[in-house]
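J.: could you look at this predicted model? Sequence included:
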Amino acid sequence: MESNLSIFDFDHKSLYAAFDVYPSAKGAATHISHMTETLFEVFHGGMLYVLGASNLPTWQAEEATEIIRLKLEEPNYLARGQLFSTQLSKEIRNHPKLELCHFRDIWGGLGILQAGRRYRTLFEVNGLPSIELPYRYPSLGIRTLNKLKQLEQFCLKESDHILVPSEVIRRHLMDRGIHRQKISLISNGAMYRPEIVPQEKMTNPYLIYFGALQPWQGLDDLLKAFANLRDLEELRLVICASHKRRIAKAYHKLAEKMDIADRIIWHYRLDKAELNGWISQAMLSIAPLKACSRNISQGCSPLKILESMACGTAIVASDLPVVREIVEDNKTARLVRAERPAELARVIRFLLEYPEEREKLARNALETLKQDFQWKRKQSELKNLYLQMLQGNSKELSP
């Protein structure tokens with residue numbers, strides 16, 4: 001986006017805040033894109049306030065839409081979050097006509113939930129730092145975790161309404177004392193028949209894993225399962241990571257230890273159309289989520305499953321409640337007990353041997369995506385939520 005507009009030419013009525021770099025190869029960026037498209041359609045423009053990166057401008061504008069990217073050099077995650085909140089709070093004071101502020105994390109919430117505010121607030125809860133951060137920072141102390149829970153609870157209580165992508169997350173928030181009527185559920189989605197750029201010529205059949213590489217994603221279990229399939233000499237595993245190569249270092253070492261490194265093809269931070277090319281040509285897409293607190297207690301709504309459905313690729317996934325909210329075993333996917341590499345390998349082997357079963361799963365999944373999980377449907381649900389919030393009825397709405 002380029003414009004001759006000045007940073008002072010805007011008087012926004014809507015704002016979306018996310019403690020994430022945007023755009024990026026992460027699934028969060030896909031979600032942000034569809035959320036802001038809907039918000040800015042309702043308000044004929046608005047501000048997107050996000051984190052910056054060295055390759056992105058700190059300010060962009062097009063017509064009535066503005067992006068502000070905050071570049072923070074602070075290495076400490078918690079201090080970086082507090083700086084984000086402080087700067088966002090200052091920015092909001094420049095926009096007295098704001099009517100609705102939508103935020104997807106506590107750091108946006110702490111900047112938005114100001115005393116005396118006149119705008120409505122929507123807290124989009126995809127994850128909670130008190131649950132997710134211990135996986136990233138195992139040495140986090142109990143005092144820090146308790147402080148994070150207090151900040152989360154403040155944002156949950158003070159926001160006018162809450163948006164979640166799965167029933168598992170809604171139940172978790174209800175267990176924390178939030179009334180069900182204050183929480184709306186709008187699952188993630190995918191583009192039906194998305195743009196696809198064919199991948200480089202690939203003569204070998206392959207499985208695909210794509211997305212993030214956090215421990216709860218279960219990539220280590222997939223590598224162990226793939227090692228059990230080494231007798232299938234032509235088979236390859238394509239891993240399309242949304243992170244930089246250095247983040248995958250531990251998985252490279254694990255693959256070398258199991259003597260499968262030469263059968264794995266790595267790609268990093270592909271654009272969406274190129275990634276879709278790899279997904280669409282895979283024999284199977286694997287989503288080996290762990291049975292851990294992040295997936296069981298907090299929950300999620302795995303984009304990798306929805307995007308595989310949209311690309312017409314059969315899915316093998318961990319049998320978790322959040323997965324069953326999207327697919328049905330033996331109808332739209334094959335579900336396997338989480339953290340069982342040998343069992344995962346057996347199911348993969350079976351589906352490789354029976355192409356008609358793969359085709360059935362892929363066909364049924366694509367039809368389910370078309371009927372229930374297209375982004376345009378999710379955006380319509382979100383638009384209705386925004387409109388009801390503006391009318392002051394959000395606490396009575398629970399789609």
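T.: Arrived safely, thanks for sending.

J.: give me the element Leu237 is part of.
T.: Using DSSP states H and E, Leu237 maps to strand 236-241.

J.: by contact count, what packs against the helix or strand just after that strand?
T.: Following strand 236-241 in sequence order, the next helix or strand is helix 249-257 (DSSP H and E). Here helix 249-257 touches helix 219-227, going by 3 or more CB pairs under 8 Å, 6 or more residues apart in numbering; DSSP states H and E. (C-beta placed from N, C-alpha, C; glycine too.)

J.: need the contact partners of the helix it packs on.
T.: Helix 219-227 has contacts (CB atoms under 8 Å, 6 or more residues apart in numbering) with 207, 209, 213, 237, 239, 251, 254-255, 258-260, 263-264, 286, 288, 290, 338-342, 344-345, 348.

J.: identify those among those that sit within strands.
T.: Those of those mapping onto strands are Leu207, Tyr209, Leu237, Ile239, Ile264, Ile286, per DSSP state E.

J.: want to throw these into CSV with distance to Ser24 and pLDDT?
T.: Listed next are the ones in strands among the contacts of helix 219-227 as CSV, based on distance: CB to CB, whole Å; pLDDT from 0 to 100:
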residue, distance to Ser24, pLDDT
Leu207, 25, 98
Tyr209, 19, 98
Leu237, 24, 98
Ile239, 18, 98
Ile264, 23, 97
Ile286, 23, 98
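
J.: what separation do you get for the residue located most distally from the centre of the chain and Leu51?
T.: Residue distances from the centre of the chain (CA atoms, centre = their mean) peak at Asp231, which lies 34.8 Å from the mean C-alpha position. Applying CB to CB, to the nearest Å, the value for Asp231 to Leu51 is 46 Å.

J.: ok, Gln379 next?
T.: 24 Å.

J.: before we move on, back to that, ok, which pair from the ones in strands among the contacts of helix 219-227 is furthest apart?
T.: Across the ones in strands among the contacts of helix 219-227, the longest distance by CB to CB is 12.7 Å; it joins Ile264 and Ile286.

J.: so between those two, which is more surrounded?
T.: Comparing Ile264 with Ile286 by other CB atoms under 10 Å, the one with more neighbours is Ile286, at 27 against 19.

J.: doesn't Gly211 make contact with the more buried one?
T.: No. With contact defined as CB atoms under 8 Å, Ile286 and Gly211 do not form a contacting pair (10.5 Å).

J.: secondary structure element for the residue farthest from the centre of the chain?
T.: According to DSSP H and E, Asp231 maps onto no helix or strand at all.

J.: state the phi and psi torsions of it.
T.: Asp231 adopts backbone torsions of phi -70, psi -20, taken as degrees, to the nearest 10.

J.: cool, thanks, signing off.
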